[in-house]
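**Student:** okay, structure incoming, though there's no sequence with it:
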Ligand SMILES: Nc1ncnc2c1ncn2[C@@H]1O[C@H](COP(=O)(O)OP(=O)(O)OP(=O)(O)O)[C@@H](O)[C@H]1O
Ligand SMILES: CC(=O)N[C@H]1[C@@H]2OC[C@@H](O2)[C@@H](O)[C@@H]1O[C@H](C)C(=O)O
């Protein structure tokens, strides 16, 4: 690959299964030089059902093959709209994540995508990290560090992603090397249990704006039992599969819809508060990305639970709906240049590692 900055296109299909985000980024793998075009392609209901049916399954099953076809078709449709792309970063769809056991699997074949797009594709970002003893997640932290430097932040701060699962990066932007500047981990379930509740009880994909939760009362007993989960006592780095807290929905089964939504929303915020206790140095602000920042009840719960300011990343000129897609554009360039994508303080991998495979459009 040529030296200097490249326009990379990143694509993310997240754990909430709503669709694929894609974003262009000009970067040399170290600094963010320019943010580019973005686009979103939602999954149709039938596609989403196919993905949902494959959750928790491993390669070799028909469910995973069907899910991979959905992922590949959606990405091709979305990514071929972009122009001026030099490199693609393709995350795929996590179907199963068990870093201490069977590994991690993101559906979607990057080699097929490279052939169909006629572009080099970096993909399978997590496998090498898990093989080297890491959690394989979160991978966004080094990009959070680049964002903090792009913002010209001069004090430690944290970035929170509220997706299906929550993840947080504590970052010191005064340290140039991201391997030495971050501490990151998954905080706990965020939107996934709320979406599942809404689908089960009300046939809705999400609690829009947090309106239902706003009408309910938080059940303190359920919340206290939830916070007794061993995950919250594990030191970082640590990561979660989408459905690791599968008991959570049954824990609110006896509550009415509004109280159940309020309790799950408070649980997402309480998990972040627990996580913040691990920050190595106190911060004064937390910047929030991901769909959960559109949930006013969740944002209010965070503001109430945390001893520092909470604001959407837009307050610093970033795009909170596209941060993960931008991250995989950034990480693709780092992989292509042999730069680390994870390290001991982000995934717990034994030493900084450059994960990912690179597939070229034609075998050379
Ligand atoms: N207006 C809104 N009101 C309430 N919740 C919303 C709103 N918009 C998005 N969300 C929530 O955010 C979710 C999507 O968030 P996001 O796209 O960040 O998740 P993801 O990238 O799929 O997940 P992850 O980051 O875990 O991989 C939706 O499924 C929904 O739960
Ligand atoms: C295994 C997996 O796909 N994990 C996702 C998930 O969604 C949020 C959280 O859990 C995070 O750890 C990760 O995604 C982001 C993009 C990451 O790796 O940083």
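**Tutor:** Received, thanks. In this text, all values refer to a predicted model and were calculated from it rather than measured experimentally. Residues are numbered from 1 along each chain as shown. Ligands and ions are numbered 1, 2, ... in the order given.

**Student:** any idea which element residue 9 lies in?
**Tutor:** strand 6-13 (DSSP states H and E).

**Student:** residues in this structure within reach of ligand 2, list them.
**Tutor:** By the rule Cβ under 6 Å from any ligand atom, the part of the chain lying against ligand 2 is 14-15, 94, 97, 104, 137-140, 161, 163-165, 167, 186, 239-240, 324. C-beta coordinates here come from the backbone N, C-alpha and C atoms, glycine included.

**Student:** burial check on residue 60, number of neighbours?
**Tutor:** Residue 60 has 8 neighbouring residues, counting by other Cβ atoms under 10 Å.

**Student:** from residue 251, how far off is it?
**Tutor:** Distance check for residue 60 against residue 251: by Cβ to Cβ, to the nearest Å, it reads 33 Å.

**Student:** one more: residue 185?
**Tutor:** Applying Cβ to Cβ to residue 185 and residue 251 gives a distance of 23 Å.

**Student:** more neighbours: these two, which one.
**Tutor:** More neighbours surround residue 185 than the other of residue 185 and residue 251, with 28 against 20 (other Cβ under 10 Å).

**Student:** just the pLDDT for that one.
**Tutor:** In this model, residue 185 is scored at 98, pLDDT.

**Student:** wasn't it part of a helix?
**Tutor:** No: judged by DSSP: H, G, I helix; E, B strand; the rest coil, residue 185 forms no part of a helix; its state is strand.

**Student:** residue 239 is in contact with that one, correct?
**Tutor:** Yes: Residue 185 is within contact range of residue 239, at 6.9 Å (criterion: Cβ atoms under 8 Å).

**Student:** got any residues that touch both of these two?
**Tutor:** Here residue 185 and residue 239 have 138, 167 as joint contacts, going by Cβ atoms under 8 Å, 6 or more residues apart in numbering.

**Student:** which residues touch residue 172?
**Tutor:** By Cβ under 8 Å, 6+ apart, the neighbours of residue 172 are 156, 181-182, 281.

**Student:** ok, for residue 77, nearest residue in space, not its chain neighbours?
**Tutor:** The shortest distance from residue 77 to any non-neighbouring residue, by Cβ to Cβ, 6 or more residues apart in numbering, is to residue 41 (6.1 Å).

**Student:** help me confirm that that neighbour is found in a strand?
**Tutor:** Yes: counting by three-state DSSP, residue 41 is found in a strand.

**Student:** what bridges to it?
**Tutor:** Beta-bridge partners for residue 41, by DSSP bridges, are residue 20.

**Student:** picking up where we left off before, the residues of the chain next to ligand 2: which ones sit near ligand 1?
**Tutor:** 14-15, 161, 163-165, 324.

**Student:** by pLDDT, give me the weakest of those.
**Tutor:** Across the set of these, residue 15 stands lowest in pLDDT, at 91.

**Student:** who are the contact partners of that one?
**Tutor:** Contacts of residue 15 by Cβ under 8 Å, 6+ apart are 94, 163-165, 192, 242.

**Student:** and if you look at residue 359?
**Tutor:** 110-111, 113-115, 120-121, 123 are the contacts of residue 359 under Cβ under 8 Å, 6+ apart.
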